[in-house]
Every structure is written in C-alpha cells, then in structure tokens.
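Student: All I have is the shape, not the residue letters:
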C-alpha cells in the first residue's frame with residue numbers, strides 16, 4: 001500500500017523532526033517558499049518524486065569506501081546508488097534523506113548530500 005504525504009521541510013521544525021508523517025497544509029509559515037518548492041520538486045534518478053511517498057529528513061552522513069551511509073531510526077544504512085541525487089542542488093546545507101517502511105524494511109528512496117550541486 002502506498003501512502004501519499006505532502007512534504008514539509010522538517011529541518012525548519014525541530015519539534016517535528018522525528019515525526020513519521022507531517023503534512024504541509026500551509027501551516028508552517030516559517031518555511032521560505034524557495035525551500036518549500038525545492039523539497040516538492042526533488043525527484044529520484046528514476047523520475048519518482050521524493051516527496052510523493054515520504055517526508056525529507058535532514059541527516060548526518062558518512063562516506064565509507066565511496067558509499068554514503070545515513071543513520072535512520074538508530075541504525076546506519078548504506079544509501080543505494082539509485083537513490084542519490086546530485087544534480088538538484090541543496091539549499092538546506094545539510095544532507096536530506098527520504099525513506100519509507102515497506103514490509104518490515106526501511107527503503108531509502110532519495111538522498112541529497114549536503115554539498116549537492
């Protein structure tokens with residue numbers, strides 16, 4: 001089953017950073033329009049909108065043997081190459097990861113490094 005969520009810039013709202021789903025119905029006035037537009041426009045390399053199925057979460061990351069790793073819900077996970085977005089820029093200044101829970105697993109759908117250009 002696919003859940004449809006409208007993206008929110010969780011980085012602007014630390015109190016919501018741990019929320020599973022956050023809906024942007026215009027209630028977050030402190031999110032600049034350009035940042036809101038960026039989050040809604042980011043697409044995975046396969047053409048699927050990142051915000052179509054999950055919210056973006058700002059994150060720390062590590063690079064191990066050329067692979068990005070991110071902490072998600074207390075565990076470090078390798079970011080699959082198919083999820084890495086390098087050509088959309090990053091106005092947030094921190095890495096952002098989008099993921100979903102599917103059949104008991106965490107699936108990383110999109111990842112934008114902090115220094116994406």
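Tutor: Yep, that arrived. Remember, predicted model here, so these are calculated numbers, not experimental data.

Student: Show me which residues of the helix or strand hosting residue 109 are buried.
Tutor: Per DSSP states H and E, residue 109 falls inside strand 105-112. Judged by neighbour count using 16 or more other Cβ atoms under 10 Å, the buried positions of strand 105-112 are 108, 109, 110, 111, 112. Every residue, glycine included, has its C-beta placed from N, CA and C.

Student: Who are the packing partners of it?
Tutor: Using 3 or more Cβ pairs under 8 Å, 6 or more residues apart in numbering; DSSP states H and E as the contact test, the elements touching strand 105-112 are strand 67-72, strand 95-102.

Student: Nearest approach to residue 86 belongs to which of the ones you listed?
Tutor: strand 67-72 (10.7 Å; Cβ to Cβ).

Student: for the closest one, which positions count as buried?
Tutor: For strand 67-72, by 16+ other Cβ under 10 Å, it's 68, 70.

Student: Touching the helix or strand that it is followed by from outside, list them.
Tutor: As assigned by DSSP H and E, the chain's next helix or strand after strand 67-72 is strand 75-78. Strand 75-78 is contacted from outside by 62, 64, 67, 68, 69, 70, 71, 106, 108, using Cβ atoms under 8 Å, 6 or more residues apart in numbering.

Student: Would you mind giving these as a markdown table with pLDDT and distance to residue 84 added?
Tutor: Shown next, in a markdown table, are the contacts of strand 75-78 (pLDDT from 0 to 100; distance: Cβ to Cβ, whole Å):
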| residue | pLDDT | distance to residue 84 |
| --- | --- | --- |
| 62 | 96 | 14 |
| 64 | 96 | 14 |
| 67 | 96 | 10 |
| 68 | 97 | 7 |
| 69 | 98 | 12 |
| 70 | 98 | 11 |
| 71 | 98 | 17 |
| 106 | 95 | 16 |
| 108 | 95 | 9 |
